[in-house]
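Q: Need a 3D model of the sequence below.
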Amino acid sequence: MTYEAPKYSPFSHYEKRPPLGLGFLTSVLKKRGHKVFFIDNYLKPSNILETNFLNKNYVDFVGIYSTTTCYESTLKMLNKLNSIRQDKIWNGKIIVGGPHTSVGASEIPEYIDYIVIGEGENIILDIVENNIKERIINGVEVIDLDTLPIPAWEEFVHLSYSWREPWIDAYPIYTLNTSRGCPFNCKFCSVKAIWGRTYRYMSAQRIVDDIKYLMKYYGARGIYFREDNFTLNTKRIEQFCEILLRQKIEIDWICETRVDSLTDYNFQKLMNEAGCKAFFIGVESGSQRMLDFYRKGVTVEQFIKAFEIAKKVGIRTYASYIIGTYEETKQDKKLTKQLLKNIKPDFIGRNIYVGIPGSEIYDYMLSNKLYDYKDKTTKILFVKGHNRLVNRYYHGNPTFKYLTLSRGAQMVLWKIFWKIKESMKMLMKEYFKRTYIFLKNIKYKVKRYYFNA
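A: Down below sits the predicted model:
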């Protein structure tokens, strides 16, 4: 079961895609013969905890996937589960896993039976078959990702997820995650606290097999590789592309990746020939000083070269960058603007920095009080001037702000702001229309006067 998407968060929760982590766990359980009910409250909130669903279906365990940004809604679900258990309505056990347990296990209530930190595929069976007595369990890394079962797509395909992507026309687009871990050490990132720094990945053949499966049984026409470093192992990607071309598998695909593996023309050309249509690239900053501060491990010149090659071979680009860290200066912002103008990405993503537990910048902000607000439940830190940055970069949308006024008051003010803005647009439009007609009439009268004279 997933949590409900928060109505107010510094992060966008608009995009809804199948939770592949739960897909793997579901397949592991089903393969062993266990019956699994999948409920995605993040996609569409349900009321099953208000009904007799758990008893009616003889549910012994409820597993909750938890992330830090959505922990508040997770906590509400946990409290409700505990309440119905205390009222003797249901007598099962509660499991909590997901990214939040890696950075916030101490915050999870004592009444939770099992807290899984890290990967769960190798221990979920021991939990549900009562072979583990410990409450806090360190998951066992899956070293060979080829051994993972295919995610339980049968649970996802009938639901209203985001099966499209504005970068490409293909439909439907299925999400794949073929690697785990990150060997890099970026200061702003908490991925290493969740997956570790050991990079593990599926083989090229396994990726192709999964694509062929999705094409055969679910009509896949596009693939979105949602992972931090899809092209990190260039040999794997070359093999993947060569198999697609050799077997004449026609599939459009896009991927998220780093720029340092994209500075070779032949490599990008091969990917494009094999169906690659777009890259999502974390540019972060156009200032080399800031890139070094972030420990990004790349250069401005690499961005320029990689984006230039992408344009030549016909691959579209999405450039994402960070705004508002305590180290960033006006000059750094200027350099970022200049870089974006230079590389001309097809899409640009502006991201106001928000401190998430597990990253080095978060720890520094916390110890030096370099923030305006700390969320009491999620422990997320909002940088100094966060709400002003929301006004500038997110059109003042109050759903991205930390609480100053009541949420209701913020929404009222935002609606008033937009009404005023729209009214001003209409007034200006009417003004220019009337001015145009006035000048046109004068021109006509002047011409008629001289013609008659």
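
Q: can you give me the strands for the stretch 301-450 of the chain?
A: Taking DSSP state E, counting those that start in this stretch as the test, the strands found in the stretch 301-450 of the chain are 316-323, 347-352, 354-355, 373-374, 381-382.

Q: Quickly run through the sheet partners of the first one, with directions.
A: Under the criterion DSSP bridges, strand 316-323 sits next to strand 276-284 (parallel), strand 347-352 (parallel) in its sheet.

Q: Can you report how many residues lie near the closest residue to residue 13 other than its chain neighbours?
A: In space, and not counting its chain neighbours, residue 13 is closest to residue 5: 4.2 Å by C-beta to C-beta, 6 or more residues apart in numbering. (Each C-beta comes from the backbone N, C-alpha and C, glycine too.) Neighbourhood size, residue 5 [other C-beta atoms under 10 Å]: 17.

Q: Return the distance of residue 5 relative to residue 74.
A: Here residue 5 is placed at a distance of 11 Å from residue 74 (C-beta to C-beta, to the nearest Å).

Q: next one: residue 86
A: Counting by C-beta to C-beta - residue 86 and residue 74 are separated by 19 Å.

Q: who's more crowded, the two?
A: residue 74 (26 against 10).

Q: May I have the secondary structure class of that one?
A: helix (DSSP: H, G, I helix; E, B strand; the rest coil).

Q: from what I can see it touches residue 101, true?
A: No. Checked against C-beta atoms under 8 Å, the pair residue 74 and residue 101 is beyond contact range at 10.5 Å.

Q: got any ranges where the stretch 301-450 of the chain has weak pLDDT?
A: Within the stretch 301-450 of the chain, the stretches with pLDDT under 70 are 404-415, 417-418, 421, 424, 430-433, 435-441, 443-450.

Q: ok, now with 90
A: 358, 398, 403-450 (pLDDT under 90).

Q: Also the stretch 51-200 of the chain?
A: Ranges of the stretch 51-200 of the chain meeting pLDDT under 90: 69, 103, 166-167, 182, 189-198.

Q: Could you rerun that using 50?
A: For the stretch 51-200 of the chain, no stretch is flagged by pLDDT under 50.

Q: Would you state the strands of it in chain order?
A: 61-65, 93-97, 114-117, 136-138, 173-176, 179-180, 200-201.

Q: now these as CSV including mean neighbour count and distance to residue 303?
A: Compiled in CSV, the strands of the stretch 51-200 of the chain are given as follows (neighbours: other C-beta atoms under 10 Å; distance: least, C-beta to C-beta, whole Å):
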stretch, mean neighbour count, distance to residue 303
strand 61-65, 21, 34
strand 93-97, 22, 36
strand 114-117, 22, 35
strand 136-138, 16, 38
strand 173-176, 22, 26
strand 179-180, 21, 22
strand 200-201, 18, 24
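
Q: got the ones you listed as JSON lines, with distance to residue 45 columns?
A: Formatted as JSON lines, the strands of the stretch 51-200 of the chain follow (distance: least, C-beta to C-beta, whole Å):
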{"stretch": "strand 61-65", "distance to residue 45": "14"}
{"stretch": "strand 93-97", "distance to residue 45": "19"}
{"stretch": "strand 114-117", "distance to residue 45": "24"}
{"stretch": "strand 136-138", "distance to residue 45": "29"}
{"stretch": "strand 173-176", "distance to residue 45": "22"}
{"stretch": "strand 179-180", "distance to residue 45": "29"}
{"stretch": "strand 200-201", "distance to residue 45": "34"}
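
Q: So for residue 386, which of those sits nearest?
A: strand 61-65 (27.2 Å; C-beta to C-beta).

Q: Tell me which residues are up against the closest one.
A: Outside strand 61-65, the residues that touch it by C-beta atoms under 8 Å, 6 or more residues apart in numbering are 1-3, 19, 21-22, 25, 54, 74, 77-78, 81, 92-98, 124, 127-128.

Q: can you list residues touching both of residue 74 and residue 101?
A: residue 66.

Q: residues in contact with residue 333?
A: So residue 333 contacts residue 323 (C-beta under 8 Å, 6+ apart).

Q: for residue 303, that is, sorry about that
A: Contacts of residue 303 by C-beta under 8 Å, 6+ apart are 259, 281, 283, 286, 339, 343.

Q: I'd like the distance between it and residue 338.
A: In terms of C-beta to C-beta, residue 303 sits 12 Å off from residue 338.
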